[in-house]
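A.B. asks: Sequence first, then the predicted structure, then my questions.
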Amino acid sequence: MKYPLTIGIGGSHSGTGKTTIAAALLKYLATHSPIHPFTHSPKIGAIKYTKTAFYSSITDDKTILRQEDKDTRRLLDAGAEEVLWVQSPESGLEETLPMAVERLSHLDGIIIEGNSAIEFLKPDIVIFLFRGSGKNLKPSARKLLKQADIMLILGDAEQPARSKARSQIRNLKFSGLDKAVKERNIEELISYMGAIANKKRLEDILKSKAIDNKIPCGSARQIAEDLGIPYTEVGKAADGLKIKITNCELGCF
């Protein structure tokens, strides 16, 4: 898994609570050490994306970011090391978002808020907040749902239908959502995030070592031992990637 670890937070529509979840994650990560998948107290930044009609800008001026009732102020108050407010039409994302990520690349992690920003950047972990009925999801929200690793089902919302490709998405039920998100909800969310980060790290390693979609048994065993995970977990990940483990002599896989 590459660092900084990028975490996208999107939602079914405006007002679902994206900033509330982002702030709760920032606060928890700033006050608990260490938090898996980090091996030390992580320094986390945040990117807030707002769609505009014509102009593009990246704002880091604290006098602007800390203005009353701004989401960027909530992110800073929650413990973000740095916050960037990206304003751009979708046609300008190719220029502005990579610049914003580069400016935060010295940190351990970056939380990215905004559906279009997530769709463009494809973060390591994507959290999708769902509230209400899935019948009225906008096309952009449906596309983001297909990227999601974790879906937070808020209130009494029913889980929307999803493609078979996302059948392994992890669901987490939140009974409610306000500015005081329960710590146990965030602990469970971070636990899910850690498991996903581990899985993607394993997949990245397997893909980097495979040649013609094949990897020797000895290399697969070494990966398992280096990561401290069962051989069977490496075997399942390889199967999912359609990578064949060859020359297996010990029956590990």
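C.D. replies: Received it, and whenever you're ready, just let me know what you need.

A.B. asks: Contacts only, for the closest residue in space to residue 124 that isn't next to it in sequence.
C.D. replies: With sequence-adjacent residues excluded and distances taken as CB to CB, 6 or more residues apart in numbering, residue 124 is closest to residue 6, at 5.0 Å. All C-beta spots, glycine's among them, are computed from the backbone N, C-alpha and C. Residue 6 is in contact with 101, 109, 110, 112, 121, 123, 124, 125, counting by CB atoms under 8 Å, 6 or more residues apart in numbering.

A.B. asks: Now for residue 107, how many residues are close by?
C.D. replies: 18 (other CB atoms under 10 Å).

A.B. asks: whoops, residue 131 was the one
C.D. replies: Here the number of neighbours of residue 131 (other CB under 10 Å) works out to 18.

A.B. asks: ok, so of the contacts of residue 6, who is nearest residue 87?
C.D. replies: Distance ranking of these against residue 87, using CB to CB, places residue 112 first at 14.3 Å.

A.B. asks: Direction included, what does the helix or strand where the closest one lies pair up with?
C.D. replies: Taking DSSP states H and E as the criterion, residue 112 maps to strand 109-113. Paired with strand 109-113 in the same sheet, following DSSP bridges, are strand 5-11 (parallel), strand 44-51 (parallel).

A.B. asks: Alpha carbons of that strand, in CSV - could you do that?
C.D. replies: What follows is strand 109-113, C-alpha atoms only, in CSV (Å, rounded to 0.1, in the frame of the first residue of the first chain):
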residue,chain,number,x,y,z
GLY,A,109,-2.9,10.0,5.1
ILE,A,110,-5.3,12.2,3.3
ILE,A,111,-9.1,12.3,3.7
ILE,A,112,-10.8,13.4,0.4
GLU,A,113,-14.4,14.7,0.6
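
A.B. asks: quick one: contacts of it?
C.D. replies: 3-10, 18-19, 22, 25-26, 29, 38, 42-49, 71, 75, 80, 101, 104, 118, 121, 123.

A.B. asks: Identify the residue spatially nearest to residue 202, adjacent ones excluded.
C.D. replies: residue 237 (5.0 Å).

A.B. asks: Can you verify my assumption that the one you found contacts residue 201?
C.D. replies: No: checked against CB atoms under 8 Å, the pair residue 237 and residue 201 is beyond contact range at 10.0 Å.

A.B. asks: How about stretch 70-84, which residues are buried there?
C.D. replies: Across stretch 70-84, burial judged by 16 or more other CB atoms under 10 Å covers 70-76, 78-84.

A.B. asks: Also stretch 44-51?
C.D. replies: 44, 45, 46, 47, 48, 49, 50.

A.B. asks: now what about it, what contacts it?
C.D. replies: Contacts of stretch 44-51 (CB under 8 Å, 6+ apart): 4, 19, 22, 25-26, 29-30, 71-72, 75, 79-90, 97, 100-101, 104, 107-114, 116-117.

A.B. asks: Stretch 114-124 now?
C.D. replies: Under CB under 8 Å, 6+ apart, the answer for stretch 114-124 is 1-2, 5-11, 18, 47-51, 86, 90, 93-94, 97, 101, 110, 112, 126, 140-141, 143-144, 147, 197, 200.

A.B. asks: can you do 7 Å?
C.D. replies: Residues from elsewhere that reach stretch 114-124, judged by CB atoms under 7 Å, 6 or more residues apart in numbering: 1, 5-8, 10, 47-49, 51, 86, 90, 93, 97, 101, 112, 126, 140-141, 143-144, 147, 197, 200.

A.B. asks: tell me the contacts of residue 7?
C.D. replies: 109, 111, 112, 123, 124, 125, 127.

A.B. asks: Tell me what it is bridged to.
C.D. replies: Bridge pairing for residue 7 - DSSP bridges - gives residue 111, residue 125.
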